[in-house]
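Participant: The following block contains a protein sequence and its predicted model.
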Amino acid sequence: MRVDNILTVDVEDWFHICGIEDMIPADRWSRLESRVSDNTLKILMVLQKKRIKATFFVLGSVAEKHPSLVKAIQRHGHEIATHGYSHQRVYTMSPEAFRKDLRKSVSIISEITGCGINGYRAPEWSIRDDSLWALDILQEEGFLYDSSMAPLPIIGNSGYAKTPYEINLDGGRLWEVPPLVAVTPLVNLPLGGGWGLRTFPYSLIRSSIRRLNHQGQPALIYLHPREFDRANPYIRLSLVKQFVVNAGVERTDTRLERLLDDFIFTTISDVLGQLP
Ligand SMILES: [Zn+2]
């Protein structure tokens with residue numbers, strides 16, 4: 001059975017890491033070296049070579065600073081969605097602040113592309129049980145899908161669904177599109193992106209995608225431009241955070257190429273259009 005999988009990119013810079021706000025506060029961002037354009041262009045080149053379209057969740061503050069990057073992503077024919085404006089975890093914001101942040105990102109990105117936006121991804125998968133109100137706001141603001149709820153312990157909830165599903169809200173429906181995880185008796189493993197995609201054996205990732213595809217379900221992979229950079233500036237992180245952010249970074253590009261050789265990938269909108 002041919003199943004199209006989902007490839008996504010969170011377009012943000014090397015310093016957009018949740019939980020380091022005390023080390024690199026947002027008011028210092030504008031003075032830091034920006035590496036997001038060069039690194040995103042590397043991803044665009046790979047996708048062009050493999051003739052793959054993806055969904056790019058662009059951070060509003062990155063779009064504001066690099067409109068030509070957003071235009072380049074659009075020119076390559078990819079889907080452009082939003083990653084919010086200020087890269088704050090949703091559960092740390094009030095509903096009003098979330099709506100404001102969302103609208104600001106949409107207005108900046110749409111101004112550049114001339115198109116509307118259908119999808120949102122929260123920083124660090126931060127729509128959880130304590131911030132489900134964000135789904136209603138997304139639906140009210142006209143979004144068709146969200147990709148912010150991870151079926152994983154700690155950052156999400158292991159009980160969340162592992163394949164795309166429609167959520168019934170008071171005002172209507174919203175698709176939720178979760179990342180690839182591997183279910184084990186102990187814990188769900190994060191295979192779809194980040195340290196999991198970079199450090200688990202490739203055979204485990206491949207077999208997990210095959211299993212989903214045999215059920216007719218797509219796997220979702222997510223990437224960050226900084227994962228294609230071997231010269232990211234040093235940030236003094238805790239050992240755990242160091243691992244999460246940097247482990248296996250030298251492997252991201254070859255891993256992506258292998259995935260694109262072994263499976264079919266496309267945008268979220270394309271895949272949702274194929275689902276019943
Ligand atoms: Zn992010």
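Facilitator: Sure thing, it's come through. Owing to the predicted nature of the structure, the values given are computational and were not obtained by experimental measurement. Residues are numbered from 1 along each chain as shown.

Participant: tell me the contacts of the residue in the stretch 51-200 of the chain that the ion sits nearest to?
Facilitator: Ranked by Cβ to the ion, the top residue of the stretch 51-200 of the chain for proximity to the ion is Pro123, at 4.3 Å. For the C-beta atoms, the positions are set from N, CA and C on the backbone; glycine is no exception. Going by Cβ atoms under 8 Å, 6 or more residues apart in numbering, Pro123 touches His16, Cys18, His83, Gly84, His87, Gln88, Arg89, Val90.

Participant: can you do 7 Å?
Facilitator: Applying Cβ atoms under 7 Å, 6 or more residues apart in numbering, one finds that Pro123 lies in contact with Cys18, His83, Gly84, His87, Gln88, Arg89.

Participant: Can you add distance to the ion, secondary structure and pLDDT and give these back as CSV?
Facilitator: Shown next, in CSV, are the contacts of Pro123 (distance: Cβ to the ion, whole Å; DSSP: H, G, I helix; E, B strand; the rest coil; pLDDT from 0 to 100):
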residue, distance to the ion, secondary structure, pLDDT
Cys18, 7, coil, 93
His83, 6, coil, 98
Gly84, 8, coil, 98
His87, 6, coil, 97
Gln88, 10, coil, 97
Arg89, 10, coil, 97
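
Participant: List just the nearest of these to Gly193.
Facilitator: His83 (13.3 Å; Cβ to Cβ).

Participant: Please name the nearest non-neighbouring residue to the residue of the stretch 51-200 of the chain closest to the ion.
Facilitator: Among residues not flanking Pro123 along the chain, His87 sits closest, at 4.8 Å (Cβ to Cβ, 6 or more residues apart in numbering).

Participant: now do Tyr160
Facilitator: For Tyr160, the closest residue by Cβ to Cβ, 6+ apart turns out to be Pro151, at 4.1 Å.

Participant: The ion contacts on the stretch 51-200 of the chain?
Facilitator: Within the stretch 51-200 of the chain, the positions lying close to the ion (Cβ under 5 Å from the ion) are Pro123.

Participant: let's see 6 Å
Facilitator: By Cβ under 6 Å from the ion, the residues of the stretch 51-200 of the chain that approach the ion are His83, His87, Pro123.

Participant: quick one: strands adjacent to the lengthiest strand in the chain?
Facilitator: In the chain, taking DSSP state E as the definition, the longest strand is strand 5-11. Note on strand 5-11: by DSSP bridges, its sheet partners are strand 55-58 (parallel), strand 220-223 (parallel), strand 265-266 (parallel).

Participant: Report the backbone C-alpha coordinates of it in CSV.
Facilitator: Coordinates of each C-alpha in strand 5-11 appear next as CSV, following Å, rounded to 0.1, in the frame of the first residue of the first chain:
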residue,chain,number,x,y,z
ASN,A,5,4.3,10.3,5.1
ILE,A,6,4.6,13.9,6.5
LEU,A,7,7.8,15.9,6.5
THR,A,8,7.9,19.1,8.6
VAL,A,9,10.5,21.7,9.5
ASP,A,10,10.3,24.2,12.4
VAL,A,11,12.0,27.3,11.0
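
Participant: before we move on, the earlier item: quick one, what contacts the residue nearest to Tyr160?
Facilitator: Under the criterion of Cβ under 7 Å, 6+ apart, the contact partners of Pro151 comprise Asn157, Ser158, Tyr160, Ala161, Lys162, Pro178, Val181, Asn188.

Participant: same thing but at 6 Å, please
Facilitator: Going by Cβ atoms under 6 Å, 6 or more residues apart in numbering, Pro151 touches Ser158, Tyr160, Lys162, Pro178, Val181, Asn188.
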